[in-house]
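Novice: would you be able to build a 3D model of this:
(chains A and B)
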Number of protein chains: 2
Amino acid sequence: MKIGIIGYGQMGSGAAYNLNKKHDLFIYDKFKSDSHGIKSFCTVEKIFSNCQITFSFLPNDKILINAHENKSNGILNYLKKNDIHISCSTVSPETSKKLEKIYSEKKAFFICAPIFARPDGMKNKQAIIPISGKYKIYQKIKPIIESFSKSHTFVGEEIGNANVIKLCGNFLICNAIQSISEALLTADEHGLERLTVIRFLSSSIFDCLIYKGYGDRIAAFDHDPHANAHFPLSLGKKDINLFKSISNKSKNNYPFLDSLLKNFKSATKKGNGHLDWSAISLENQKL
Amino acid sequence: MKIGIIGYGQMGSGAAYNLNKKHDLFIYDKFKSDSHGIKSFCTVEKIFSNCQITFSFLPNDKILINAHENKSNGILNYLKKNDIHISCSTVSPETSKKLEKIYSEKKAFFICAPIFARPDGMKNKQAIIPISGKYKIYQKIKPIIESFSKSHTFVGEEIGNANVIKLCGNFLICNAIQSISEALLTADEHGLERLTVIRFLSSSIFDCLIYKGYGDRIAAFDHDPHANAHFPLSLGKKDINLFKSISNKSKNNYPFLDSLLKNFKSATKKGNGHLDWSAISLENQKL
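Specialist: Residues are numbered from 1 along each chain as shown, chains lettered A, B, ... in the order given. Next up is the predicted model:
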């Protein structure tokens, strides 16, 4: 099948690495023109004139909207009836609703499939994906999603559902980072080896991906950028701010959210935006 | 083997249920005298005159110390050379250090083996146990520990190590409760089914005991006491205060700990101490 990919960063290229095995890919990236073995870089126009199905992997709401609306080569210049766009970016439910409305007017389909994975997990088919949008379209794209991910769940026709779940998930990951950090500060002060403590817990009551991965990093104060397994603090800040924007703080208390936002702010002020987002834990140490 | 058990509450009786299959039990509980099928209730004196190995399952530091020091039937009246006491309670490392010193003077052995399990898990051999104390004694009691638990880890000869790890673990559990609560408030406001959201996450990136168990409870606002799977908020408050007491707040920032303490305080004020400790999540809703 001919499949379009917009955004060939670490996530898009990871998906392409797997999709390329079975499909003909048409790839567009604003900043790239060689494809590391995939000879298929082209224009947005060429993607939409060849492919019914296009994935996008973009860093934020503004860039996703601009990829549609910009006058020179925006998607909306080329989108036709029955085209399917699977948006894999972490954006707000409002952005998805706005775009779905436009797609609906053109009788095209917008699907949300934001991805839980770091770049190395993306390449190794470890991605976990909540999906929302029209069920009949979900059924059509299901085999393609399965071909490059570990698991996925259809979470409803309401387009923003998958975005809300993704933001809740990222919020929980960030809370786990902060929690582990506070626990290990105390373990450390009592002379226990940080890695022993977190590995005991992440192999028993917290025996899961997030506590294992971030636990080891936090124990070792290892927040440097890793070439293939990196999620920058600057993107994490964007996601936690998105979670804030969809949370009704007049109705409920969010003490943990408030603490995370403070740590992101102070970490950014120190110029740590390029580090892994687990570096917010450094903000717990008084200087 | 003849084994003593001091404290026949939900945890002690769960251990006894399993130990009774292979061993002769001698049980003491301040408030109980019938044994639900185990015809072995007796005095502390009788335990220590018959058993070299005794477990205790007591609710807090004060009661553990009193069980040793009280003049009428305290353990220290009867403790002899080479006796082994395995303390399974969640107490501070300082209490353990204090008691180990006394045991050492009597050439007896104090071992810390605080337990991660709810009562039903205790009965079903699902307990996970960090153990600290003299390694030669650990080797001796290992088969007994294995006979009533799922897994255990020796975490060093420094007696307080297991207590620190237990308090770090309980602190992490409580943080997971608060985090899930904030995430689900937002999911809820966007019309997503709370249980769908947490089950997606607790079967993927948070696929572990704590997120599964507490996730479902929090999603359903189910904080009522459950006969066999209950951990009261009042005990949780004690544990989080213990964590606070061993954390150096002058040296580090603990924003999550501060938030938890506030929620425990307000939940207690409302008379919710008898509910499951996941009821601290109710404090996130403004009235």
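
Novice: now the helix or strand harbouring A:Lys244: buried residues?
Specialist: Taking DSSP states H and E as the definition, A:Lys244 sits inside helix A:233-245. Residues of helix A:233-245 classed as buried by neighbour count (16 or more other CB atoms under 10 Å in any protein chain shown): A:233-240, A:242-244. For every residue, glycine as well, the C-beta is placed using N, CA and C.

Novice: ok, longest helix in chain A?
Specialist: helix A:161-189 (DSSP state H).

Novice: next helix or strand past it?
Specialist: Helix A:161-189 is succeeded, C-terminally, by helix A:194-202 (DSSP H and E).

Novice: and that next one, what does it pack onto?
Specialist: The contact analysis (3 or more CB pairs under 8 Å, 6 or more residues apart in numbering or on different chains; DSSP states H and E) places helix A:194-202 against helix A:161-189, helix A:209-219, helix B:161-189.

Novice: want to throw these into TSV with distance to B:Asp24?
Specialist: TSV is the format used below for the helices and strands packed on helix A:194-202 (distance: least, CB to CB, whole Å):
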stretch	distance to B:Asp24
helix A:161-189	38
helix A:209-219	40
helix B:161-189	27
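
Novice: and the ones you listed as JSON lines, adding mean neighbour count, mean pLDDT and distance to B:Gly7?
Specialist: Output for those, formatted as JSON lines (neighbours: other CB atoms under 10 Å in any protein chain shown; pLDDT from 0 to 100; distance: least, CB to CB, whole Å):
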{"stretch": "helix A:161-189", "mean neighbour count": "25", "mean pLDDT": "98", "distance to B:Gly7": "27"}
{"stretch": "helix A:209-219", "mean neighbour count": "22", "mean pLDDT": "96", "distance to B:Gly7": "31"}
{"stretch": "helix B:161-189", "mean neighbour count": "25", "mean pLDDT": "98", "distance to B:Gly7": "16"}
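
Novice: ok, which of the ones you listed comes nearest A:Lys123?
Specialist: helix A:209-219 (15.6 Å; CB to CB).

Novice: which residues touch that closest one?
Specialist: A:172-173, A:176-177, A:180-181, A:184, A:194-195, A:197-199, A:201-203, A:206, A:222-223, A:276, A:278, A:281, B:204-208 (CB atoms under 8 Å, 6 or more residues apart in numbering or on different chains).

Novice: by how many degrees do that helix and helix A:161-189 diverge?
Specialist: Helix A:209-219 and helix A:161-189 are oriented at 40 degrees to each other (axes from the mean of the first three to the mean of the last three CA atoms, to 10 degrees).

Novice: quick check: buried residues in stretch A:146-165?
Specialist: So for stretch A:146-165, counting by 16+ other CB under 10 Å, buried means A:148-149, A:152-156, A:158-165.

Novice: distance of the residue in the stretch 1-150 of chain A that chain B sits nearest to from A:Gly191?
Specialist: Closest residue of the stretch 1-150 of chain A to chain B, CB to the nearest CB: A:Ile128 (4.4 Å). Distance from A:Ile128 to A:Gly191, counting by CB to CB, to the nearest Å: 38 Å.

Novice: rewinding a little: and the helix holding A:Lys244, what other elements does it pack with?
Specialist: Partner elements for helix A:233-245 (3+ CB pairs under 8 Å, 6+ apart): helix A:161-189, helix A:255-269.

Novice: dump these to JSON lines, plus distance to B:Gly14.
Specialist: Formatted as JSON lines, the helices and strands packed on helix A:233-245 follow (distance: least, CB to CB, whole Å):
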{"stretch": "helix A:161-189", "distance to B:Gly14": "26"}
{"stretch": "helix A:255-269", "distance to B:Gly14": "32"}
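
Novice: and of these, who's closest to B:Asn66?
Specialist: helix A:161-189 (26.7 Å).

Novice: what about that closest one, near chain B?
Specialist: Yes - using CB under 8 Å from any CB of the partner chain, we find that helix A:161-189 touches chain B at A:161, A:164-165, A:167-169, A:171-173, A:175-176, A:178-180, A:182-187, A:189.

Novice: number of residues surrounding the residue of the stretch 1-150 of chain A closest to chain B?
Specialist: 21 (other CB atoms under 10 Å in any protein chain shown).

Novice: for A:Ile280, same thing?
Specialist: Neighbour tally, A:Ile280, other CB under 10 Å: 29.

Novice: so it is in contact with A:Asn263, correct?
Specialist: Yes - assessed by CB atoms under 8 Å, A:Ile280 is found in contact with A:Asn263 at 4.2 Å.

Novice: and A:Ser266, what does it touch?
Specialist: Counted by CB under 8 Å, 6+ apart, A:Ser266 has contacts A:Glu283.

Novice: quick check: closest non-adjacent residue to A:Ile218.
Specialist: Sequence neighbours aside, A:Ile180 is the residue nearest to A:Ile218 in space, at 5.0 Å (criterion: CB to CB, 6 or more residues apart in numbering or on different chains).

Novice: got it, and A:Asp188?
Specialist: In space, A:Asp188 is closest to A:Arg194, 5.5 Å off (CB to CB, 6+ apart).

Novice: surely that neighbour meets A:Ala183?
Specialist: No - using CB under 8 Å as the test, A:Arg194 is too far from A:Ala183 to be in contact (9.4 Å).

Novice: any residue of the helix or strand hosting A:Lys142 up close to chain B?
Specialist: Here A:Lys142 sits within helix A:135-148, counting by DSSP H and E. No - interface with chain B: helix A:135-148 contributes nothing (CB under 8 Å from any CB), its closest point being 14.3 Å away.

Novice: give me the mean pLDDT for the helix or strand just after that helix.
Specialist: The helix or strand immediately downstream of helix A:135-148 is strand A:151-154, counting by DSSP H and E. Averaged across strand A:151-154, the pLDDT comes to 96.

Novice: partners of strand A:151-154 in the sheet?
Specialist: Sheet pairing for strand A:151-154, assigned by DSSP bridges, gives strand A:128-131 (parallel).

Novice: give the rounded mean pLDDT of the strand it pairs with.
Specialist: Strand A:128-131 comes out at a mean pLDDT of 98.

Novice: much appreciated, bye for now.
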